[in-house]
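**Student:** requesting a structural model of the entry that follows:
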Amino acid sequence: MQCSGNKKGKKRRVVLFIICALLATVMIADYFFYYNRIYPGVYFEELSLGGQKKKDAVLQLEKYLQNLKFNQNIVAFTGGDEIIVKTFAELGIKPDVTRIVNNAFNTARGGFYFLNYFKRFFLARKNKSVELQLQIDYKKFTRSLQKAAAHLQREPTNAKLVLADEHKTVAIEPDVPGRRLDPAATYQHLQKVNVSLSTTLVCPLFFRTQEAEITAAQLEKLQIREEISSFTTYFTNHHQNRLQNIRLAAEAVDETILYPGEEFSFNQTVGDTTAEKGYLPAPVIVGGEITEGLGGGVCQVSTTLYNAALFANLEILERRNHGLYVDYVPPGLDATIAYGLIDLRFKNSHPYAIWIKTFVATDKLTVSFFSTKIPGQKVEIYTTDVKKISPPEKFIETDNLPTGERKLLAKGKAGYEATVWRVVSLHGREVKKEYLSQDVYKPVPVQYLLGTGVSSGKKE
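**Tutor:** Got it, this is the predicted structure:
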C-alpha cells in the first residue's frame with residue numbers, strides 16, 4: 001500500500017511540474033511576444049492599438065487621424081459673451097502621436113511583470129481608451145489668437161487733469177485700466193483640458209490687467225489744485241499766418257507739467273518753427289529790423305509765458321528782450337526767442353508741481369499756471385526809470401518830388417529804456433525784492449522821401 005501511495009504522489013508531482021512548465025513556457029512566450037507590443041484591449045477612440053509594435057501603431061494612428069481630418073477640428077475660445085472659433089491648423093495644434101502610443105504601450109505595465117497579468121485580464125474584458133495628446137506651436141498659437149482676439153483687448157486710459165470752476169481749479173479724471181490677452185495663460189490652460197475628437201474643445205481666454213501709465217493716485221501726489229498765476233496778451237486777428245504760428249506754439253506748451261526743481265526751455269518744448277510743422281511766414285524782428293520769417297508771432301507766446309512765470313514767482317534762468325519794442329506788453333516784460341540762439345528758460349522753484357495751460361481766443365492769448373498756492377503770498381512786477389526814445393527822421397532824396405517836398409514812406413517807432421523789478425510779499429510783509437532786468441529798445445526812424453527836383457508853379 002505504501003508503494004502505491006508513493007506512485008500516486010510521484011504522478012501528481014510530475015503533472016504539477018508539467019503544468020508549471022507549460023505555464024512558464026506560455027508566460028515566457030507571452031513576455032517575448034508583448035515585450036515591444038501594446039497589450040490587447042487598448043484603444044484610441046474607436047481604433048484598436050492592441051498587439052501592435054510602437055512604430056506600426058504610430059503609422060496607423062497618423063493615418064486614422066488624417067482620415068478624420070484632425071487639423072479641421074476646432075477650439076471654441078470663450079471671452080465674456082463672445083466666442084472665437086479657430087481650427088487646430090490655424091492654432092498650430094497637432095496630435096502628439098508618439099506620446100499617445102507611449103501611453104498606450106504603458107497601459108497595464110509597471111511594477112513586477114507577472115503581476116501585470118491581473119491588469120491585462122481586466123483590460124481584455126473591459127477595453128481602455130487612451131486620451132488624445134496635443135502638440136502646440138506656441139508662436140503660431142499666440143500669433144493666431146492675438147489677431148482673432150484683438151478687438152477684445154482694451155487700451156488703458158490715463159488719468160488726466162481737467163479744469164473746473166471756469167478754469168480756476170483743477171480736478172482729476174480717473175484712469176481706466178486696460179486689458180491685454182494673456183496667450184501664455186490661455187496656452188497653459190489648453191494643455192490641461194481633456195481633449196476628445198467627439199466634442200468641441202472649449203477653452204476660456206485669459207486676460208491680464210494693464211495699468212495706465214498715469215494714474216489718478218500719481219496725479220493726486222502732484223498737488224495741482226488751483227490757478228497760481230495767469231497772464232493775457234492781445235493781438236489783432238487780421239494776420240492769419242501770425243495767428244496760426246501763435247496757435248502752434250501755444251499747443252506745444254499746453255499741458256506741460258513741471259516738477260519741483262525741473263527746468264523749462266521754450267526752445268526744447270516748442271522746437272524749431274519749420275514749415276514741416278505748419279509754421280507760416282509772418283513779421284519777425286531780426287537784427288533790430290522787422291522782416292518776414294517762418295514762425296513770426298511765436299515770441300508773443302514766449303512773452304506771455306514769461307509773465308505767467310514771473311507772477312508764479314519762478315526762478316528765471318534765461319530771458320532776453322526784443323531789439324525793438326513790441327506793443328502787446330509794457331517795456332521790459334517781453335521775451336524774445338530764436339531757436340538755437342536765444343531761449344526762454346525758467347525753473348520750477350515752487351514747492352509743488354506746476355501744470356501749464358494755454359488758451360488761444362480770436363484776439364487774445366492766455367497762459368495760466370496751476371499748482372497749490374502758498375497762503376498769503378503776493379507777487380508784483382513793476383518797472384522804473386522808463387524812458388521813451390523818440391524815433392529819428394530818415395530822408396531819402398528823390399528828383400520825382402519838387403525840391404523840399406516830403407512824402408512819408410514808413411512810420412517810425414519809439415524806443416524805450418526800462419528797469420524791471422519783482423516784489424514778493426507774504427501776508428502783507430515784503431520778503432523779497434528782486435532786480436530782473438534793464439532793457440533797451442532802439443527806435444525805428446520815420447522814413448520820408450525828400451524832393452530834389454524842380455519846383456512846380458505857373459510861368460509868368
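**Student:** okay, the helix or strand hosting residue 383 in CSV with CA atoms only?
**Tutor:** Using DSSP states H and E, residue 383 maps to strand 377-389. These are the backbone C-alpha positions of strand 377-389, laid out as CSV (Å, rounded to 0.1, in the frame of the first residue of the first chain):
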residue,chain,number,x,y,z
GLN,A,377,1.9,135.1,-1.0
LYS,A,378,1.5,138.1,-3.4
VAL,A,379,3.8,138.8,-6.4
GLU,A,380,4.1,142.2,-8.0
ILE,A,381,6.0,143.2,-11.2
TYR,A,382,6.8,146.8,-11.8
THR,A,383,9.1,149.0,-13.9
THR,A,384,11.2,152.0,-13.0
ASP,A,385,13.3,154.5,-15.0
VAL,A,386,11.1,154.1,-18.0
LYS,A,387,12.3,156.4,-20.8
LYS,A,388,10.7,156.9,-24.2
ILE,A,389,13.1,157.5,-27.1
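**Student:** which residues sit against the next helix or strand after that strand?
**Tutor:** Counting by DSSP H and E, the element after strand 377-389 in chain order, helix or strand, is strand 393-402. Defining contact as C-beta atoms under 8 Å, 6 or more residues apart in numbering, one finds that strand 393-402 is touched by 406-407, 409, 412, 445-456. To be clear about C-beta, it is placed using only N, CA and C from the backbone, and glycine gets the same treatment.
**Student:** again, but for stretch 98-112
**Tutor:** Under the contact criterion C-beta under 8 Å, 6+ apart, stretch 98-112 has outside partners 38-39, 42, 44, 49, 54, 57-58, 61, 116, 119-120, 123, 128, 130-133.
**Student:** can I get that stretch in PDB, CA atoms only?
**Tutor:** These are the backbone C-alpha positions of stretch 98-112, laid out as PDB (Å, rounded to 0.1, in the frame of the first residue of the first chain):
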ATOM      1  CA  THR A  98       4.400  59.500 -30.100                       C
ATOM      2  CA  ARG A  99       3.100  60.300 -26.700                       C
ATOM      3  CA  ILE A 100      -0.300  58.700 -27.400                       C
ATOM      4  CA  VAL A 101       1.400  55.500 -28.500                       C
ATOM      5  CA  ASN A 102       3.700  55.600 -25.500                       C
ATOM      6  CA  ASN A 103       0.700  55.900 -23.200                       C
ATOM      7  CA  ALA A 104      -1.000  53.000 -24.900                       C
ATOM      8  CA  PHE A 105       2.100  50.900 -24.600                       C
ATOM      9  CA  ASN A 106       2.500  51.700 -20.900                       C
ATOM     10  CA  THR A 107      -1.100  50.700 -20.200                       C
ATOM     11  CA  ALA A 108      -1.200  47.700 -17.800                       C
ATOM     12  CA  ARG A 109       2.600  47.800 -17.400                       C
ATOM     13  CA  GLY A 110       4.600  48.800 -14.400                       C
ATOM     14  CA  GLY A 111       5.900  47.000 -11.300                       C
ATOM     15  CA  PHE A 112       6.600  43.200 -11.200                       C
END
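**Student:** list the buried residues for that stretch?
**Tutor:** Of the residues in stretch 98-112, those buried under the neighbour-count criterion (16 or more other C-beta atoms under 10 Å) are 100, 101, 102, 103, 104, 105, 107, 108.
**Student:** low-scoring pLDDT stretches of the stretch 151-300 of the chain, where are they?
**Tutor:** In the prediction, the stretch 151-300 of the chain carries residues with pLDDT under 70 at positions 287-288.
**Student:** what about 80?
**Tutor:** Flagging of the stretch 151-300 of the chain using pLDDT under 80 yields the residue ranges 194-196, 198, 237-238, 283, 285-293.
**Student:** then the stretch 351-460 of the chain?
**Tutor:** Low-confidence segments of the stretch 351-460 of the chain, defined by pLDDT under 80, span residues 454-460.
**Student:** pull up the distance across stretch 326-346, start to finish.
**Tutor:** Start to finish, the residues bounding stretch 326-346 are 22 Å apart (C-alpha to C-alpha, to the nearest Å).
**Student:** where along this protein do the helices fall?
**Tutor:** Counting by DSSP state H, the segments of the chain that form helices are 2-33, 54-67, 88-91, 97-106, 116-125, 138-148, 183-192, 216-222, 240-253, 266-270, 298-311.
**Student:** could you dump those to CSV with distance to residue 340?
**Tutor:** Written out in CSV, the entries for the helices of the chain read as follows (distance: least, C-beta to C-beta, whole Å):
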stretch, distance to residue 340
helix 2-33, 91
helix 54-67, 70
helix 88-91, 55
helix 97-106, 68
helix 116-125, 87
helix 138-148, 45
helix 183-192, 48
helix 216-222, 32
helix 240-253, 16
helix 266-270, 7
helix 298-311, 14
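**Student:** what subset of the contacts of strand 393-402 is buried?
**Tutor:** With neighbours counted by 16+ other C-beta under 10 Å, the contacts of strand 393-402 contain buried members at 412, 446, 447, 448, 449, 450, 451.
**Student:** how about the contacts made by the residue nearest the centre of the chain?
**Tutor:** The residue at the geometric middle of the chain, judged as the C-alpha nearest the mean C-alpha position with C-alpha atoms, centre = their mean, is residue 213 (7.5 Å). Contacts of residue 213 were listed using C-beta under 8 Å, 6+ apart, and they are 156, 158.
**Student:** can you rerun that using 10 Å?
**Tutor:** Residue 213 makes contacts with 156, 158, 159, 175, as judged by C-beta atoms under 10 Å, 6 or more residues apart in numbering.
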